[in-house]
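Enquirer: From the sequence below, what's the structure:
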Amino acid sequence: MSTNADAPPRPRRRKIAVPRMLPREFSGEASFRRRFIAAGMGALAPILVNLLVVDPKTVFVSVTLAVALGYAVKTTLLFMAGGAVAWMHPEESSPRKLFQMGIAAPALLTAVINGTQVERRVASAEEPVSAVALLTLASPAHAETQPGGVLSFRRPPEESVVQQLWRGFTGSGAHGPWFVCLRERFDSEPAARQAVARLAAQGVRSHVYGGDGPAPGYVVVVAGWLNGDAAREIQRDVTGRGVDTYVWSSAG
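Expert: Reported below is the predicted structural model:
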């Protein structure tokens, strides 16, 4: 009868050393550089998420050199902001904590961008702007037209280089899907042109669009390719001039 003493010895399991992705703490001459990189990489973490989920539908709808440059500037600033967090906390040597602290760095840049937009809105609200000046800014030249000079709802106007840079930097497009349209409908282009001339006499600039938008036939658009707030603001302005309009979105 066999006993445990007769059984062969079991082989001892060897522990596999798993290399650490990050050391527990930084030390030495290169500690500041490594701390800076750790916090900077944390600041870029939200950028990587947006790159996979959001940016393909907003920033990279059409890629140009200006868009790529704006995106590169944003990435560089965020990395520097994360590094600044490491500089402001010299006592912190844990790379994991530095990475987590760097994730909060994009909030600084976002606050600056949002603050700039709020200042612009406040300035426009405090200064009396005439409807014709507002509509001139809100109705850019259209890139795609139909025969006879009729504009199309299918594609937005071409972006300027500055607008492309802004799209790459902020992730928001220069053009929105909202239009301020004259409520009156037209079956012929000459009738729509007469309405454009009538509005011009009232100091309101407008354009003739084809029937690929909110209604068949021809549509007179007072302002287009806006965000919702700007479209409603312009509608209020032209309503004060006695122009009957409605707001429509090409996004559905």
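Enquirer: from here on, contacts and neighbour counts on C-alpha atoms
Expert: Fine.
Enquirer: can you map out the strands along this structure?
Expert: 145-146, 150-151, 178-182, 207-209, 219-226, 245-249 (DSSP state E).
Enquirer: Figure out which of those strands is closest to V59.
Expert: Evaluated over the strands of the chain, closeness to V59 peaks at strand 219-226, with 16.6 Å, by Cα to Cα.
Enquirer: Spatially central residue for this structure, please.
Expert: S172 (1.8 Å; Cα atoms, centre = their mean).
Enquirer: Extract the CA atoms of stretch 65-79 and return them as PDB.
Expert: Only the C-alpha atoms of stretch 65-79 are listed here, as PDB (Å, rounded to 0.1, in the frame of the first residue of the first chain):
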ATOM      1  CA  LEU A  65      -4.400  70.600 -43.800                       C
ATOM      2  CA  ALA A  66      -6.000  73.400 -41.800                       C
ATOM      3  CA  VAL A  67      -8.200  71.000 -39.900                       C
ATOM      4  CA  ALA A  68      -5.200  68.700 -39.100                       C
ATOM      5  CA  LEU A  69      -3.200  71.800 -38.000                       C
ATOM      6  CA  GLY A  70      -6.000  72.900 -35.700                       C
ATOM      7  CA  TYR A  71      -6.300  69.400 -34.200                       C
ATOM      8  CA  ALA A  72      -2.500  69.300 -33.700                       C
ATOM      9  CA  VAL A  73      -2.500  72.600 -31.900                       C
ATOM     10  CA  LYS A  74      -5.300  71.400 -29.600                       C
ATOM     11  CA  THR A  75      -3.400  68.200 -28.900                       C
ATOM     12  CA  THR A  76      -0.200  70.000 -28.100                       C
ATOM     13  CA  LEU A  77      -2.000  72.500 -25.800                       C
ATOM     14  CA  LEU A  78      -3.700  69.700 -23.900                       C
ATOM     15  CA  PHE A  79      -0.400  67.800 -23.500                       C
END
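Enquirer: Let me see the mean pLDDT of that stretch.
Expert: Averaged across stretch 65-79, the pLDDT comes to 92.
Enquirer: Pull out the buried residues from that stretch.
Expert: Under the neighbour-count criterion of 16 or more other Cα atoms under 10 Å, stretch 65-79 has 66-71, 74-75, 77-79 buried.
Enquirer: Looking at these, which is nearest R183?
Expert: Once Cα to Cα is applied, the member of these that ends up nearest R183 is V67, at 36.7 Å.
Enquirer: Next up, the contacts around the closest one.
Expert: 59-60, 164-169 (Cα atoms under 8 Å, 6 or more residues apart in numbering).
Enquirer: swap in E233?
Expert: Contacts of E233 by Cα under 8 Å, 6+ apart: none found.
Enquirer: Out of the helices and strands in the chain, which is least certain?
Expert: Every helix and strand in the chain was compared by mean pLDDT, DSSP states H and E; the lowest is helix 131-138, with a mean of 41.
Enquirer: What about the nearest residue to A200 once chain neighbours are set aside, how many residues nearby?
Expert: Leaving aside its sequence neighbours, A200 sits nearest to S206 (Cα to Cα, 6 or more residues apart in numbering; 7.5 Å). Other residues near S206 come to 25 when the count uses other Cα atoms under 10 Å.
Enquirer: No more questions from me, cheers.
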